[in-house]
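**Student:** sequence unavailable; structure follows:
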DNA sequence: AGAATAAGTGGACCGTGGTCCGTTTAGGTG
DNA sequence: CACCTAAACGGACCACGGTCCACTTATTCT
């Protein structure tokens, strides 16, 4: 679980909502000092451990700090804020999914046609997110923050690329946003859990969408 | 400026359903006691006034209570939490938009074809939300909360209805979610403000989407 | 009218996220 | 090795959202 994460971002206060962050491209690739790196994994481990014993909502920054044997200030210095910590936690698990659609076997990975890969993408994400929904939802404090998460960019670019390969009509980037919006954790959770909609219905709708939007003119 | 807010409101909601969440504060129109109703408008007015003097992020519950001349507990009793207050504030302004697409003049309102109304809907919402984005984003603390807001249900049902009228293929409700997802405030703000995308590009993409998804089989 | 009761009120109180700043330490340099 | 600097640390501290509960008041009932 030694993966990188944004060290922090300036926390704005005066104006109003978040400014246009320079969009931390790759996470914190800046090599940390030895003790800092050690504490970082200590913290992530502690958080992960605590998380398996209580809901994400009950995870307090102080308890994580204590469990890791460091001061509270250290947690904030490293992860910026609570959401930052949770996102760092998610980032690690996300990598497995990324590997699957970037370089895994068809139909998700290369080797299948663009259309096939698009069709396979929805269900794959749907299932992946279902397992992580508690963490993901807990990490969404600021609605704009999502768009700063590198993992999302990767998905957008991936889908946009597949759409181009499939010769879809329209704006690939915006179509990608549309498709990803449909399998967004919050929406999916609302529909399946709160509204009791079967997952199959969502998957079917996904295929319909892909067929409609990804079709060649 | 300080707009006096309707004390309360029950909007006729077609297809009212689920209720497994701790009752959204906005939909408790069940007649309040006289003093409570008075304090409610006092609070909304105070909040609105304070908001025009500072960003939504700086609005504290205590300051609203003080400005309205009531205790802090009263604010929470009435609106549940901070998001509830902000949503109540938005709800009032939202009604104008609702009137426009429910009973206003074509092409947004009845009188135009379903397809025309769908095409007109996107730009209308896009503009409406642009004005309110600060408040809207500030009210989005809990990602699932959005789906409990009555205004969203109204939009969903409206779009789904238009899609049916237009004989669109696929699942009308899920298509409605897809379309609305594309014009979600957070996404639009991200694309236009943080990414500098011109609004026209979004509108164009909207028309493309509607054409693609709303088309008769 | 007065009694009964449900609804509303306010502010002390608490927990947690987030900040601040004086202190400590890693690790490079001569 | 001694020294120096930037990075990291920790925990006191603060502000704000949210809860609680003893008290007040509107409304209904007889």
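**Tutor:** Here it is on my side, so go on. Predicted model, so just to flag it, every value in this text is computed and none were measured.

**Student:** switch to C-alpha atoms for all contacts and neighbour counts from now on
**Tutor:** Noted.

**Student:** elements contacting the top helix by length along chain A?
**Tutor:** As assigned by DSSP state H, the longest helix anywhere in chain A is helix A:114-139. Judged by 3 or more C-alpha pairs under 8 Å, 6 or more residues apart in numbering or on different chains; DSSP states H and E, helix A:114-139 is in contact with helix A:82-103, helix A:150-165, helix A:185-189, helix A:199-214.

**Student:** how much space is there between the residue nearest the centre of chain A and residue A:87?
**Tutor:** For chain A, residue A:151 is the residue whose C-alpha lies nearest the centre (C-alpha atoms, centre = their mean; 5.0 Å). Look at residue A:151 and residue A:87: by C-alpha to C-alpha, to the nearest Å, they are 10 Å apart.

**Student:** how about residue A:64?
**Tutor:** On the measure of C-alpha to C-alpha, residue A:64 and residue A:87 end up 15 Å apart.

**Student:** for the longest helix of chain A, what is the average pLDDT?
**Tutor:** The average of the pLDDT scores along helix A:114-139 is 96.

**Student:** compute the inter-axis angle for it and helix A:82-103.
**Tutor:** 170 degrees (axes from the mean of the first three to the mean of the last three C-alpha atoms, to 10 degrees).

**Student:** from the chain's centre, how far out does helix A:114-139 sit?
**Tutor:** Its chain's C-alpha centre and that of helix A:114-139 lie 10 Å apart, by C-alpha atoms, centre = their mean, to the nearest Å.

**Student:** and it with DNA strand D, contact?
**Tutor:** No - Helix A:114-139 stays clear of DNA strand D (C-alpha under 7 Å from any atom of the strand), getting no nearer than 13.5 Å.

**Student:** spell out which parts of chain A neighbour DNA strand D.
**Tutor:** Proximity of chain A to DNA strand D (C-alpha under 7 Å from any atom of the strand) is limited to residues A:32-33, A:35-39, A:69-74, A:77-78.

**Student:** which of the residues you listed are buried, as a ChimeraX select command?
**Tutor:** To isolate the buried members of the residues of chain A next to DNA strand D in ChimeraX, using 16 or more other C-alpha atoms under 10 Å in any protein chain shown:
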select /A:39,78
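
**Student:** out of the residues of chain A next to DNA strand D, who's near DNA strand C?
**Tutor:** Near DNA strand C, by the rule C-alpha under 7 Å from any atom of the strand, you find A:33, A:35, A:72, A:73 out of these.

**Student:** next step: these restricted to strands.
**Tutor:** Among these, no member is found in strands (DSSP state E).

**Student:** tell me which of these is nearest to residue B:57?
**Tutor:** Distance from residue B:57 was checked for each of those by C-alpha to C-alpha. The minimum falls on residue A:73, at 23.6 Å.

**Student:** output the below-cut-off pLDDT ranges for chain A.
**Tutor:** Residues of chain A meeting the criterion pLDDT under 70: A:1-29, A:215-217.

**Student:** tell me how far residue A:138 lies from residue A:59.
**Tutor:** 10 Å.

**Student:** how about residue A:84?
**Tutor:** Counting by C-alpha to C-alpha, the gap from residue A:84 to residue A:59 is 13 Å.

**Student:** looking at the two, which is more packed in?
**Tutor:** residue A:84 (23 against 18; other C-alpha atoms under 10 Å in any protein chain shown).

**Student:** I'd like to know how far the more buried one sits from residue A:192.
**Tutor:** Counting by C-alpha to C-alpha, the gap from residue A:84 to residue A:192 is 27 Å.

**Student:** and the furthest pair within the ones next to DNA strand C among the residues of chain A next to DNA strand D?
**Tutor:** It's A:33 and A:72 that sit farthest apart of those, by C-alpha to C-alpha, at 18.3 Å.

**Student:** show me which residues of chain A sit near DNA strand C.
**Tutor:** Counting by C-alpha under 7 Å from any atom of the strand, chain A sits next to DNA strand C at A:11, A:33-35, A:58-62, A:72-73, A:76, A:80-83.

**Student:** in helices, which of those residues fall?
**Tutor:** Using DSSP H, the subset of the residues of chain A next to DNA strand C located in helices is A:34, A:35, A:61, A:62, A:72, A:73, A:76, A:82, A:83.

**Student:** what is the burial count for residue A:88?
**Tutor:** Residue A:88, neighbours per other C-alpha under 10 Å, totals 23.

**Student:** the one 5 residues further on now?
**Tutor:** Other residues within reach of residue A:93 by the criterion other C-alpha under 10 Å amount to 13.

**Student:** kindly report the same for the one 10 residues further on.
**Tutor:** The burial count assigned to residue A:103 is 12, neighbours taken as other C-alpha under 10 Å.

**Student:** so who does it touch?
**Tutor:** Each residue near residue A:103 by C-alpha atoms under 8 Å, 6 or more residues apart in numbering or on different chains is listed here: A:109, A:110.

**Student:** residues touching residue A:65, list them.
**Tutor:** A:43, A:71, A:72, A:74, A:75.

**Student:** I figured the last one was touching residue A:66, is that so?
**Tutor:** No - Residue A:75 lies out of contact with residue A:66 (C-alpha atoms under 8 Å); the separation is 10.1 Å.

**Student:** stretch A:194-204: which residues count as buried?
**Tutor:** Here stretch A:194-204 shows A:194, A:199, A:202, A:203, A:204 as buried, counting by 16+ other C-alpha under 10 Å.

**Student:** any chance of those residues in a markdown table, with distance to residue A:112 too?
**Tutor:** Shown next, in a markdown table, are the buried residues of stretch A:194-204 (distance: C-alpha to C-alpha, whole Å):
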| residue | distance to residue A:112 |
| --- | --- |
| A:194 | 35 |
| A:199 | 24 |
| A:202 | 23 |
| A:203 | 19 |
| A:204 | 20 |
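
**Student:** so which of the residues you listed comes closest to residue B:124?
**Tutor:** residue A:202 (27.9 Å).

**Student:** can you tell me how far that closest one is from residue B:143?
**Tutor:** Taken as C-alpha to C-alpha, the span from residue A:202 to residue B:143 is 19 Å.
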